[in-house]
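Peer 1: no letters, just coordinates:
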Ligand SMILES: [Ca+2]
């Protein structure tokens, strides 16, 4: 069975309660690029909050956020949240290539009103990214960030569709690296954690909507380790409900987003599961276990099926272990954390 020794080691340290060693790891933190579809659902906001909380604790370093969305207010919303967490300079990337019809004016492609929260968060919270086009090209940003990191170090987390990851994979050498996208990923990415698909089989929106081709291109051709977090895993883990409402800082944009989304009725935590796994691993198989035997077969329509043979790809998917209610509490406690002003 293939296992990631680093994740197991960190998980073992945490589970054994070894604060000295964990503190030693905190000085660096796992370098993460988050690729999120900040628009319709609110778990993207929840996962960004979890990532900031883990960064506050020295467990992660946020290299950049890729905004894979057509929501014109998405990037500014991300910048406002990053600014609230005292990290106003985290670079933000958007898709500047391969728009559906480049001859059309961009307002036919970019949309407003996709989200119940992005515009309000952008209007109510300070930030300095003032327009969608001010954000960087996602492909260039991915390449710049990967080129500057050590070999086999970066963890990419995707919690939306894979358009920008496909553009990275298929990218050519540029001013940041003489390597192709494929070779750059092979050299620099340690792990891709992907919210997408159902396991052992099914059809899930990140994989089939709006860009199933990107799934069909990226998953079979990814030249590094990938772990999938399926729809069935995050769905029963409810966060952002009444406990969150009572305990979150009222001035937080995370609180505001969950209020705007559904008045704290609670929401599934698909995207938060990926962040927690990406940074903490399985914690010695206490949070989840990983099915490593086999690979994820993708159909052209974006549906997927886990096939246990052949076992010649470095692919796995998360399997429920800890009770969803316990995971909800862990995630809610991370989601209520505010900024740590003395850091960064
Ligand atoms: Ca998402």
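Peer 2: Okay, I see it. If you're wondering where the values come from, they're calculated on a predicted model, not measured in any experiment.
Peer 1: now do the strands in this structure.
Peer 2: 30-36, 60-67, 92-94, 136-137, 154-158, 189-195, 201-202, 225-229, 238-239, 267-268, 288-291, 295-298, 304-307, 315-320 (DSSP state E).
Peer 1: partner strands of the third one, with direction?
Peer 2: Pointing back at strand 92-94 there. Sheet pairing for strand 92-94, assigned by DSSP bridges, gives strand 60-67 (parallel), strand 136-137 (parallel).
Peer 1: quick one: closest of those to the ion.
Peer 2: strand 60-67 (11.2 Å; C-beta to the ion). Just so you know, the C-beta spots here come from the backbone N, C-alpha and C atoms, and that holds for glycine as well.
Peer 1: find the nearest non-adjacent residue to the residue in the stretch 51-200 of the chain positioned nearest to the ion, please.
Peer 2: As assessed by C-beta to the ion, the ion sits closest to residue 159 within the stretch 51-200 of the chain, at 4.1 Å. Leaving aside its chain neighbours, residue 159 sits nearest to residue 271 (3.8 Å; criterion: C-beta to C-beta, 6 or more residues apart in numbering).
Peer 1: pretty sure the residue of the stretch 51-200 of the chain closest to the ion is in contact with residue 32, am I right?
Peer 2: No - contact between residue 159 and residue 32 fails when scored by C-beta atoms under 8 Å: they sit 11.8 Å apart.
Peer 1: which residues do these two both contact?
Peer 2: Residues touching both residue 159 and residue 32 by C-beta atoms under 8 Å, 6 or more residues apart in numbering: none at all.
Peer 1: tell me which helix or strand of the protein sits lowest on mean pLDDT?
Peer 2: helix 19-26 (a mean of 36; mean pLDDT, DSSP states H and E).
Peer 1: need the contact list for the residue of the stretch 201-344 of the chain found nearest the ion.
Peer 2: Minimum separation of the stretch 201-344 of the chain from the ion (C-beta to the ion) falls at residue 271, amounting to 4.8 Å. Applying C-beta under 8 Å, 6+ apart to residue 271 gives the contacts 36, 41, 43-44, 46-47, 159, 195, 234.
Peer 1: get me the contact residues on the stretch 1-150 of the chain for the ion.
Peer 2: Residues of the stretch 1-150 of the chain lying close to the ion (C-beta under 5 Å from the ion) are 37, 44.
Peer 1: mind running it again at 6 Å?
Peer 2: 36-37, 41, 43-44 (C-beta under 6 Å from the ion).
Peer 1: now swap in the stretch 201-344 of the chain and tell me
Peer 2: residue 271.
Peer 1: at 8 Å what do you get?
Peer 2: 206, 270-271 (C-beta under 8 Å from the ion).
Peer 1: how about these in CSV, adding pLDDT?
Peer 2: Shown next, in CSV, are those (pLDDT from 0 to 100):
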residue, pLDDT
206, 96
270, 98
271, 98
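Peer 1: nearest to residue 123 among these?
Peer 2: residue 271 (23.3 Å; C-beta to C-beta).
Peer 1: pull up the gap between the closest one and residue 243, please.
Peer 2: Residue 271 sits 19 Å away from residue 243, going by C-beta to C-beta, to the nearest Å.
Peer 1: about what we covered before: okay, and which of the residues of the stretch 201-344 of the chain next to the ion map to helices?
Peer 2: In this view, these that belong to helices under DSSP state H are 206, 270-271.
Peer 1: wait, residue 163 touches residue 212, no?
Peer 2: No - taking contacts as C-beta under 8 Å, residue 163 lies outside contact range of residue 212: 10.5 Å.
Peer 1: more neighbours: which of the two?
Peer 2: Legend: neighbour count by other C-beta atoms under 10 Å for residue 163 and residue 212, higher for residue 163 (25 against 19).
Peer 1: where in this structure is pLDDT low?
Peer 2: 1-27, 98-111, 113, 341-344 (pLDDT under 70).
Peer 1: higher neighbour count, residue 159 and residue 32?
Peer 2: Counted by other C-beta under 10 Å, residue 159 and residue 32 do not tie: residue 159 has more neighbours, with 29 against 24.
Peer 1: returning to that earlier point: just put the strands paired with strand 92-94 in a markdown table and tack on mean neighbour count.
Peer 2: Shown next, in a markdown table, are these (neighbours: other C-beta atoms under 10 Å):
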| stretch | mean neighbour count |
| --- | --- |
| strand 60-67 | 24 |
| strand 136-137 | 16 |
